[in-house]
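> need a structure here:
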Amino acid sequence: MQNGELKAEQTKTGRSNQKLRTRTAILGAAADLMRTGGEVSMPAVAKAALVSEATAYRYFPDLPSLLSEAMSGQWPTPAEALEAVAGSTDPVARVAAATEHLLRHVLSVQGATRAMIAATIARPAAASARPGLRFGLIDHALEPLAATLGAEDPAALEQLKKDLAVVVSAEALFTLTDLCGLDPEDAVASAVHTASTLTRAALPA
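Residues are numbered from 1 along each chain as shown. Modelled structure (predicted):
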């Protein structure tokens, strides 16, 4: 390889490494801000990563895509999340555990969750960037019903999952705290109660 070609290759490698460092810095800044539970925005992430907001947007087209990648791999699997009720076949107890787990997680990263909801309400096409943690938790919590309700009335089981998706959600939690004026603990308890009631009502007689 000629000297000119070698220098060009080194320059290309250096730029690639710099881009990787910048991307990693942006993701790290987003993850750190999320863990504080405070407000998360692209300007705040860019400032924490020591880059311009324009640079942050060059790497991530919008806040949902950035937060989704920053969240990736940081949270337990549904099985790990529901380990405390792993030996239970009671779908009511399992759904209660799933609801409490999700909502306490939402509270721990409240700022990022609010930012994600706000962004995807304004741009529904970006909703696919949301992690959708609730769906895996609900599916895992209801596994004991696969051989009963699922076998007898598959449509009823699917409807229960849809009903629970409304309750086992950040949106439900914020409705209870922001609009109903409940403190976080009472809001979580209310959602757990509602999710448990829905599940109990759907059980085969």
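
> report the buried residues of stretch 112-120.
Of the residues in stretch 112-120, Ala112, Thr113, Arg114, Ala115, Met116, Ile117, Ala119, Thr120 count as buried by neighbour count, 16 or more other CB atoms under 10 Å. C-beta: built from backbone N, CA, C; applies to glycine.

> show me where the protein has its helices.
Ranges of helices in the chain, per DSSP state H, are 3-36, 42-49, 53-59, 63-71, 78-81, 91-108, 110-122, 133-141, 149-152, 154-167, 170-174, 184-202.

> mean pLDDT for the ones you listed - can I get that in JSON lines?
Formatted as JSON lines, the helices of the chain follow (pLDDT from 0 to 100):
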{"stretch": "helix 3-36", "mean pLDDT": "77"}
{"stretch": "helix 42-49", "mean pLDDT": "93"}
{"stretch": "helix 53-59", "mean pLDDT": "94"}
{"stretch": "helix 63-71", "mean pLDDT": "86"}
{"stretch": "helix 78-81", "mean pLDDT": "95"}
{"stretch": "helix 91-108", "mean pLDDT": "96"}
{"stretch": "helix 110-122", "mean pLDDT": "86"}
{"stretch": "helix 133-141", "mean pLDDT": "95"}
{"stretch": "helix 149-152", "mean pLDDT": "90"}
{"stretch": "helix 154-167", "mean pLDDT": "96"}
{"stretch": "helix 170-174", "mean pLDDT": "96"}
{"stretch": "helix 184-202", "mean pLDDT": "97"}
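
> coming back round to it: tabulate the buried residues of stretch 112-120 in TSV, adding columns for distance to Gly73.
Putting these into TSV (distance: CB to CB, whole Å) gives the following:
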residue	distance to Gly73
Ala112	15
Thr113	17
Arg114	22
Ala115	20
Met116	17
Ile117	21
Ala119	21
Thr120	21
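
> I'd say Lys161 and His140 touch.
No. The criterion here is CB atoms under 8 Å, and Lys161 misses it with His140 at 11.2 Å.
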